[in-house]
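Colleague: Below is the sequence, then the predicted model.
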Amino acid sequence: MTPVANESIENKFASLSAEEKVSVISHGVALRLSEWKKRLFLAESKVRYFEEKYLTSLAELDTKGLPNDGNHEMHEDYIMWHHWTDAVEKAKKQVIDLDPIAAYGVQW
């Protein structure tokens with residue numbers, strides 16, 4: 001069923017009963033929180049991999065700079081390390097924001 005152009009998802013949601021709204025929100029939050037926790041786990045694993053590979057933290061590497069003898073692989077890893085560090089921060093924020101809502105539990 002294709003939505004009518006002047007109907008928004010917010011309007012459709014607003015037409016639901018209070019009980020159904022709570023159920024939709026609680027189920028949606030549970031799913032989204034699970035997805036963000038998986039993303040957080042993956043991103044933290046990637047960051048840990050680079051820390052173990054180079055025996056340093058990204059903050060230290062940023063402070064000291066890349067070594068002059070750093071090869072192409074290290075430069076690529078450095079870029080990816082920044083990506084995964086940013087991904088950790090984004091996922092942490094989402095988990096922190098969704099956790100209090102999820103604490104209400106899934107409503108049936």
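Modeller: Looks like it arrived, so ask away. Numbering: from 1, shown residues only.
Colleague: which residue ranges form the helices in this protein?
Modeller: Shown for the chain, the helices assigned by DSSP state H span residues 9-14, 18-54, 58-64, 72-102.
Colleague: avg pLDDT for the second one?
Modeller: If I follow you right, that is helix 18-54. The average pLDDT within helix 18-54 is 97.
Colleague: So for the spatially most central residue of the chain, what's the nearest residue that isn't a sequence neighbour?
Modeller: Geometric centre of the chain, nearest residue: residue 91, 2.6 Å, by CA atoms, centre = their mean. Residue nearest to residue 91 in three dimensions, not counting chain neighbours: residue 40, with 3.8 Å by CB to CB, 6 or more residues apart in numbering. The C-beta positions use only the backbone N, C-alpha and C, and glycine is treated the same way.
Colleague: Neighbours of the one you found, how many?
Modeller: For residue 40, the neighbour count with other CB atoms under 10 Å is 19.
Colleague: Kindly report the same for residue 84.
Modeller: With other CB under 10 Å as criterion, residue 84 counts 19.
Colleague: if I pick it, what's in contact with it?
Modeller: 43, 46, 47, 50 (CB atoms under 8 Å, 6 or more residues apart in numbering).
Colleague: Now, of those, which are buried?
Modeller: 43, 46, 47, 50 (16 or more other CB atoms under 10 Å).
Colleague: can you tell me how far the first one sits from residue 97?
Modeller: Counting by CB to CB, to the nearest Å, the gap between residue 43 and residue 97 amounts to 16 Å.
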